[in-house]
Each structure stands twice: as C-alpha cells, then as structure tokens.
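Enquirer: below is the structure, and that's it, no one-letter string:
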C-alpha cells in the first residue's frame, strides 16, 4: 500500500512538472504571437484560435518527454522547452528584420550568417531575455528539487493517450481554421495566415512538409510537365511595340541594382533638401523612361530574388531563396540569351564575397562570363559597409574593370551601402536624419543620399570613359528598405496613415530605363521585376516569344498588369488585393460586391502564375525544354575566383 502511494506520488510529481511546463510554454507562445507578430487576428473567433493554436503542438512536443526513462523525463521537458523557445525567438528576430517567418530553406543559407551579424545586433532588445524565463524557471525547479523528484516509466497506453490528445486538439484547431479560412493549407502562399490560424509550431511542421515536397518535385518531374507551362506563357505573350522594339539594339546593357531604394524617395524633401537629387533628375531625362508604378516582388531571398527575376522572368520561391537551393538548375537566362543571340560579354560587379547568396555557383548556371567579387577590389576597411564595399569606392573601382570588357557587354552592378541598419560615418552623411524617432527610418534617408551621390559619380565616370552614349542603363530598386514593422514612423514620413492599401503601395521601387536616342517620359503602367527580362530583350531587338517567361514586355500594348506578390497578394491598374481585402487601385477604397467576382479572377491569375513558376523552378523543368537557336548553358565553362583567373593568365 505504501509503495503504491509512493508510485502515485512520483507520477504526480512529473505530471505537475509537465503541466507547469505546458501552461508556461502555451501562455508564452500565445503572448509572443499576439505581441511580436502582426498576424491581423480579427474578431473573437480568430482571437480564440490564436489563443488555442499553441496548445496542441505544445502538448505534442513536450509529450515526447514521456518516452524518456526515469528522471530524464524532467531533463527532456526542459530541453524541448528550450528548443521551442529558441525557435520562437529566432522567428521574432527574423520577423523584426524581414517581416516574415523562418522557413527550412532559409536555414541552408548559413554562408550568409556571418555577413549579417551587425544587422542582427540592432534587432536585440533587453527585454528579450524574458522569452526564456520559463526555461530558467523549470531548470531552477529541477535543480532545487532534483534529489526529491523522480518519474516512473509510463505505460504505452498512457503515453499514447497524451500524444493522441495533443493530435486531437491540433486537428480540432485545423478544422476550426478551415471553417474560417477554406483551403488554408492547399493555398498556403501566405505564411502569416498559417501562423495566425495554426500557430508557430504547427507552421514549422507545415513548412518542413512543404520544403520536402518541393525538393521531391525535381525527382518526380518529366518532360510532360512542361507542356502546360509552355501553353500558358505563350498565351500570355505580349508582342513588342514597334516604336520600342530594337531601340537599344547593339548597345551595352548596364543594370544598376539600387539596394533598398523605394519610390517614395523620388522628389522627397527632408529639411528643405531633396534626398535623392540625382535620381530625381533622371526621372526627367529626355532619354529615360520612368515607371512610377513598378513593384518589387521579392520574398525571403530579397536581393537574390530580385536578381533571379530580372535574369529569368521566373518568380523567386515562397520559401528560402532559389539562389541558394536551385543553383544547379537549368536556366535560359539573360546573359546566355544575349551571348548566344548577339555576342554579348556578360559580367556582374559586387563588392562582397562571391559565395554570398551562392552567387559564385548560380551565376555559372545563368551563363555569366565574369563575376567581379570582392577579390577584385581593394577592400580598405575604412571603405566597407555591412555587406561589402561602399558604393562610391565600389563604382570607382568597378569602372576600371568595366572598360576592359569586350563590347557589347551585359553588366550588373549590385550596391550595398543603402542597406539595413542604414549606418554611415559622420563624414559620409551629407543630410541630417529624419525626425520620426525611429532609428531605422530616420537613418534610411542618410544612406539613400549617399547611394544617390555614388550613382551620380558612376554616371560621370561612364561619360568620361565614353560608355554613356552607347549603353542602355536600367536602374531598379531591388526590395523595400523599411518593412511594415515601421508603418507608424512611415506615416510621419508620407504624411498619412499607412493603411494596408498604402502599405502595398509602399512596395513600389523606382525603375528607370535610359536608352540613348529614345524618347523618354513617365510611364504609369503597373509593372514588376518579373517583366524586366522580356522588356529588355525587346528593346535589344530579341524576340522573347519562345522563352518561358512569367512577365510580359511592359512597353507592349498587350502587357499583363497583374503583378503578383509572393504570398498571393497582387496589385494591378484596376484592383489591389492585400491582407485579405480587395481595393480599387485608383481610389484606395474597398471594392463593391458587384466588382468582387472580377477581382477574384485577378487573384486566381496571380496565384496561377506563382504556382506554375514554382513548378518550373522546383521541378527544374527547363531541362526538358530548349527554345530554337538556344544551347543549354555548360556550367563547367565558367570560373570566377580571382586567384584562378590569375593562374589561368599565367
């Protein structure tokens, strides 16, 4: 009898410990999801789901501790709690920077982690230590009572009951979520919805399943899979406008990748000064087309996604970056097309390590002839930004390499100074910061001014080297610099409340295309990064019809102006869809019930483009389709390391 009472006492000892851990982790997760992420839970039903959704997965993961032996059960609970807490905190930090959640493919981008340390430090808050308070409490409790508490081995039936109960709660959670958001998992472009309805831990499971499925697509793909893609892209082909087709034929092409430049900077005045006077002047240049409704369409890959789209007219992935996970795919990219069609030499200039974003590998698949990474530059410590060489010395040194390229050349310059956390030395800052009180927003304007000055210097160098008047220059903003997390400060910047509609509008980035001899002007067409490749090809007089492109020529009268964002939202000249609501793109007002059916067709088209592009990328389908007069790129023909280049020369 005494032994029986002791056994019950031991069981209660661990059960109480387990219950305490569950309540603490459940409560902490709910509070973090509520306060650290902008999930947009509306109404009592969604708020209830937000409160409920951590419970099932918390019980499931902590319940695994029942499988351990004896007192190890207590240690297992603490370890599992610590791991889940770390997962939560990692997502909090990631969300503060990217306004998004970590996916499994982003964890493969570890070669980038060493480069972003300075940015991460700016995201840390002293109160963050509280995220691990429950772990510390459990550890102290176990340490203090460790000699007294034991845990018996539970029967399989008891363990199954705990785990089955956890799964049942999660299943109920999913059913309730599906009732409010049908096809939640099958149309899961938006990670925000998954976390809001199912919670952070179930989202992690969902993400792992999606990542595994995406990885398996290449193995399962065959030549029949490309047929639907070809039919779709040909049916959405926009034939070129004769007024522009071939306007830049035979000219050099210079892409300038404007890091974190958003369109609200154009003509913006701060303290009585223009923030970007040179860019402003280019919008009025007689040979420059300025697109004021051009949108970035990047996701987790940010800069890498932007490059991926302009080189391929394929969308970046919803999880991670194609640059790091799809570097060995078959591509029909801009440098290969121009090299084969018109004899262009291609080169990328970037004052950072070649391995960053896996550039030194994926550029081989694109067919870039040369890659000038940091090994080609004088990396004076005083000239370095967080992500490489500051823009002014970068352009200064790059032109020395550019002028040695055989012409015509296709080139791309990737700038870095105007990047979070937007820091400059006192001598480099030529405009005072903004006065919103938000450091990220305030200092954004100083690095934007620096980037503008560097660009002006670059253009002057091109003129001095005789390259300006025979080069098509395309300048585009790669992605936002200020995320939605700073909307309160941004309302002071733009002088009005940043509503969901305004937030979608802030995804505009500048696009300027300068072609010597071509008539410039303002273009109001809705366009995106996905449209740049077919547009550039047509300006060079190269027909794009036979290539797999998900964008269309933005200068064509047949241009498709539905611009999908990676999570399934979209903008267009008529409708904007963001955060679950449709708006009239002209008035910014919510649309009427009468217009809803048409708007939903726009959304279906946006999602279809994303889904078909994902099939191409994940299945590596371009290996099954080669356009006429095009040869697949042979990666083995390219070497970029400066040391190797020197050895070859010797």
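Expert: Good, I have the coordinates. Note that this is a predicted model, so its numbers are computed, not measured.
Enquirer: thought residue 303 was touching residue 478?
Expert: Yes - counting by Cβ atoms under 8 Å, residue 478 is a contact partner of residue 303 at 5.2 Å. Where C-beta positions appear, they are placed from N, C-alpha and C, glycine not excepted.
Enquirer: which residues do the two both contact?
Expert: Common neighbours of residue 303 and residue 478, counting by Cβ atoms under 8 Å, 6 or more residues apart in numbering, are 257, 259.
Enquirer: excluding covalently adjacent residues, which one is nearest to residue 440?
Expert: Distances taken as Cβ to Cβ, 6 or more residues apart in numbering place residue 486 nearest to residue 440, at 5.8 Å, with adjacent residues excluded.
Enquirer: tell me who's in contact with that neighbour.
Expert: 438, 440, 441 are the contacts of residue 486 under Cβ under 8 Å, 6+ apart.
Enquirer: need phi/psi at it.
Expert: Backbone geometry at residue 486, expressed as degrees, to the nearest 10, gives phi -110, psi 30.
Enquirer: which of the contacts of residue 486 sits closest to residue 58?
Expert: Closest to residue 58 out of the contacts of residue 486 is residue 440 (33.1 Å), distances taken as Cβ to Cβ.
Enquirer: so residue 244 makes contact with residue 554?
Expert: No - judged on Cβ under 8 Å, residue 244 makes no contact with residue 554 at a distance of 9.9 Å.
Enquirer: between these two, which one's more packed in?
Expert: Between residue 244 and residue 554, residue 554 has the larger neighbour count (other Cβ atoms under 10 Å), namely 28 against 21.
Enquirer: which non-adjacent residue is nearest the more buried one?
Expert: residue 527 (4.1 Å).
Enquirer: that neighbour: what's it in contact with?
Expert: If a contact means Cβ under 8 Å, 6+ apart, then residue 527 has 291, 293, 294, 295, 511, 554, 559, 561, 563 as its contacts.
Enquirer: can you rerun that using 10 Å?
Expert: Applying Cβ atoms under 10 Å, 6 or more residues apart in numbering to residue 527 gives the contacts 291-295, 511, 535, 551-555, 559-561, 563.
Enquirer: show the buried residues in those.
Expert: Neighbour-count burial (16 or more other Cβ atoms under 10 Å) applied to those gives 291-295, 511, 535, 551-555, 559-561, 563.
Enquirer: where's the closest residue to residue 530 other than its chain neighbours, which helix or strand?
Expert: Nearest-residue entry for residue 530: residue 551, 3.5 Å, with adjacent residues in sequence omitted and distances by Cβ to Cβ, 6+ apart. Using DSSP states H and E, residue 551 falls within no helix or strand.
Enquirer: re earlier: which of the buried ones among the contacts of residue 527 sits closest to residue 427?
Expert: In terms of Cβ to Cβ, no member of those lies closer to residue 427 than residue 511, at 31.7 Å.
Enquirer: what's the separation between that closest one and residue 196?
Expert: Distance of residue 511 to residue 196, computed by Cβ to Cβ, to the nearest Å: 33 Å.
Enquirer: any weak-confidence spans in this structure?
Expert: In the predicted model of the chain, residues 1-12, 98, 105-120, 146-151, 186-190, 641-650 satisfy pLDDT under 70.
Enquirer: now do whichever strand or helix holds residue 134: everything it contacts.
Expert: Here residue 134, judged by DSSP H and E, is contained in helix 133-145. For helix 133-145, the external contacting residues (Cβ under 10 Å, 6+ apart) are 13, 17, 20-21, 23-28, 71, 74-75, 77-86, 129-130, 132, 149.
Enquirer: tell me what the next helix or strand after that helix is packed against?
Expert: Following helix 133-145 in sequence order, the next helix or strand is helix 156-180 (DSSP H and E). With contacts defined as 3 or more Cβ pairs under 10 Å, 6 or more residues apart in numbering; DSSP states H and E, the packing partners of helix 156-180 are helix 2-35, helix 43-63, helix 191-198, helix 200-220.
Enquirer: mind putting the ones you listed into JSON lines with distance to residue 311 and mean neighbour count?
Expert: As requested, the helices and strands packed on helix 156-180 are exported to JSON lines (distance: least, Cβ to Cβ, whole Å; neighbours: other Cβ atoms under 10 Å):
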{"stretch": "helix 2-35", "distance to residue 311": "37", "mean neighbour count": "15"}
{"stretch": "helix 43-63", "distance to residue 311": "39", "mean neighbour count": "19"}
{"stretch": "helix 191-198", "distance to residue 311": "26", "mean neighbour count": "23"}
{"stretch": "helix 200-220", "distance to residue 311": "20", "mean neighbour count": "16"}
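Enquirer: can you lay out these as JSON lines showing distance to residue 606?
Expert: Below are these laid out as JSON lines (distance: least, Cβ to Cβ, whole Å):
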{"stretch": "helix 2-35", "distance to residue 606": "28"}
{"stretch": "helix 43-63", "distance to residue 606": "24"}
{"stretch": "helix 191-198", "distance to residue 606": "16"}
{"stretch": "helix 200-220", "distance to residue 606": "19"}
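Enquirer: looking at the ones you listed, which is closest to residue 92?
Expert: Comparing the helices and strands packed on helix 156-180 by Cβ to Cβ, helix 2-35 comes nearest, at 6.6 Å.
Enquirer: give me the subset of the buried ones among the contacts of residue 527 that lies in helices.
Expert: Using DSSP state H, the members of those that fall in helices are residue 535.
Enquirer: and of the buried ones among the contacts of residue 527, the nearest to residue 279?
Expert: The closest of the buried ones among the contacts of residue 527 to residue 279 turns out to be residue 511 (Cβ to Cβ; 11.3 Å).
Enquirer: the closest one reaches residue 522, doesn't it?
Expert: No - if you go by Cβ atoms under 10 Å, residue 511 and residue 522 don't touch, sitting 11.4 Å apart.
Enquirer: find residues that contact each of the two.
Expert: 289, 290, 291, 292.
Enquirer: so what's the last one up against?
Expert: Translated: residue 292. Residue 292 makes contacts with 263, 266, 283, 508, 510, 511, 522, 523, 524, 525, 526, 527, as judged by Cβ under 10 Å, 6+ apart.
Enquirer: show the buried residues in the residues you listed.
Expert: 263, 266, 283, 508, 510, 511, 523, 525, 526, 527.
Enquirer: gap between residue 32 and residue 566?
Expert: For residue 32, the distance to residue 566 equals 24 Å [Cβ to Cβ].
Enquirer: in the stretch 251-400 of the chain, which spans are helices?
Expert: Remark: helices assigned in the stretch 251-400 of the chain by DSSP state H, counting those that start in this stretch are 277-282, 303-312, 322-325, 334-342, 359-366, 391-402.
Enquirer: what about these, which gets the closest to residue 206?
Expert: Comparing the helices of the stretch 251-400 of the chain by Cβ to Cβ, helix 322-325 comes nearest, at 18.0 Å.
Enquirer: could I get the buried residue list for the closest one?
Expert: Across helix 322-325, burial judged by 16+ other Cβ under 10 Å covers 322, 323, 324, 325.
Enquirer: any idea how far that helix is from the middle of the chain?
Expert: Relative to its chain's centre, helix 322-325 lies at 12 Å (Cα atoms, centre = their mean, to the nearest Å).
Enquirer: any residues touching it, and which ones?
Expert: With Cβ under 10 Å, 6+ apart, helix 322-325 has contacts from 104-106, 108-112, 211, 214-215, 299, 301, 303-305, 307-309, 312, 314-317, 319, 329, 331, 356-359, 361-363, 614, 617-618.
Enquirer: thank you, goodbye.
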